[in-house]
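In: Task: produce atomic coordinates for the following.
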Amino acid sequence: MSNPSLSAAVLQMSVTTEGAVNRAVITSLVEQAAAAGARLAVLPEEAMLAAGLITDEPVADVVAREWPLFVTLLSDLAIRHDIWLIAGGYEPSGQDRPYNTLAVLNPRGEVVTTYRKVHLYDAFSYQESKYVVPGPDLPPVVMVEGVAIGLINCYDIRFPELARDLVDRGADVLSVSAAWVSGPAKEDHWTTLVRARAIENTCWVLASGTSSPDCIGNSLAVDPLGVVRAGLGPVKTGIGLVRISLDRTAEVREALPALANRRLAVRVEIPA
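Out: Numbering: from 1, shown residues only. Now for the predicted structure:
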């Protein structure tokens, strides 16, 4: 076999409400990932800043100031290290509440695509919709050096039809950026859901999480049989490296042709 492969890294960090502090950590982690040979680095949801913890000024004002700085930093790092980046931040929406957005940048520092989170985390007594507006479109699939990457933002992973739709559109890898809030059984939910999305879709999953005081960290990379190939646990900062092999995907799908054996189609719609 001679299918494409891709060296990738999941990055884990403890996000604060201070954009400058977060940008310094991002700079260090991307540098480490590139030095280790990664061609793609996946950062967590809200790597830009923890908007839900901002209390001293309107979130929209902070986001309007920080989003351009965040994107500029990512662009500079992508060029400096000749690397693809996926990272989460809060993007101005023209309303009081911003979008919770994932940005994909190529090694030329260009924003190739963005995804504005559609499933806001209104669960377990938390209400993300109090300070975030939902996105209007399904997440994209983007080609990274011959490997198709589908984007998922945190709570999205609880909706298997979203992941299946990405795979139906050609995704070889599901890239999950998260700020997975801690709580009873939540660590088990996270690991189980990440592995389940890999197993049921026979695809790779790169899952990057924040390790803020209220979040569990536990970034991991999982292969198409659900085997954990890299895991970071609860460390404050770190990188996990994995070699994405589409030969491995082909081997798994030959032995376990679950996608080919389906008898039902998935139809996903975003309500207006």
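
In: going forward, measure contacts and count neighbours with C-alpha atoms only.
Out: OK.

In: May I ask which helix or strand encompasses the residue nearest in space to the middle of the chain?
Out: In the chain, the C-alpha nearest the mean C-alpha coordinate belongs to S177, at 2.3 Å (Cα atoms, centre = their mean). Secondary structure assignment for S177, by DSSP states H and E: strand 173-178.

In: Do you have the strands of this structure handy? List them.
Out: 5-12, 40-42, 84-91, 99-105, 111-116, 122-123, 126-127, 141-144, 147-153, 173-178, 204-209, 220-222, 228-231, 238-245 (DSSP state E).

In: list the contacts for the residue nearest to E187 when sequence neighbours are not counted?
Out: Distance criterion Cα to Cα, 6 or more residues apart in numbering; nearest residue to E187, sequence neighbours excluded, is I216 at 6.8 Å. Contacts for I216 (Cα atoms under 8 Å, 6 or more residues apart in numbering) come out as 179-182, 187, 209-210, 234.

In: How many neighbouring residues does V112 have?
Out: 13 (other Cα atoms under 10 Å).

In: Quick check: it touching L105?
Out: Yes. Using Cα atoms under 8 Å, V112 is in contact with L105, at 5.4 Å.

In: quick one: common contacting residues for those two?
Out: With Cα under 8 Å, 6+ apart as the test, V112 and L105 reach no residue in common.

In: For the residue nearest to A207 when sequence neighbours are not counted, give the beta-bridge partners.
Out: Nearest non-adjacent residue to A207, counting by Cα to Cα, 6+ apart: V176, 4.5 Å away. Bridge pairing for V176 (DSSP bridges) gives the partners I152, A207.

In: Quick check, V176 in contact with L206.
Out: Yes. Counting by Cα under 8 Å, V176 touches L206, with 6.0 Å between them.

In: Can you get me a residue count around S28?
Out: The burial count for S28: 13, using other Cα under 10 Å.

In: Return the distance of it relative to E110.
Out: Distance of S28 to E110, given as Cα to Cα, to the nearest Å: 20 Å.

In: In contact with P140: list those residues for me.
Out: Applying Cα under 8 Å, 6+ apart to P140 gives the contacts 113-115, 150-151, 166.

In: Also A198?
Out: Applying Cα under 8 Å, 6+ apart, the residues contacting A198 are 204-205, 222-226.

In: Please apply the same query to V15.
Out: Taking Cα under 8 Å, 6+ apart as the test, what V15 contacts is 22, 46-50, 210-212.

In: one step back: deepest in the core, which of the strands of the chain is it.
Out: Highest mean neighbour count of the strands of the chain: strand 204-209, a mean of 32 (counted as mean count of other Cα atoms under 10 Å).

In: which other residues reach it?
Out: 9-13, 42-45, 172-180, 194-195, 197-198, 215-224, 244, 249.

In: Mind exporting the C-alpha coordinates of it to CSV?
Out: The C-alpha coordinates for strand 204-209 follow below in CSV (Å, rounded to 0.1, in the frame of the first residue of the first chain):
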residue,chain,number,x,y,z
TRP,A,204,-8.4,8.4,13.1
VAL,A,205,-9.3,10.9,15.8
LEU,A,206,-7.1,13.7,17.1
ALA,A,207,-8.5,15.1,20.3
SER,A,208,-7.0,18.1,22.0
GLY,A,209,-8.3,19.4,25.3
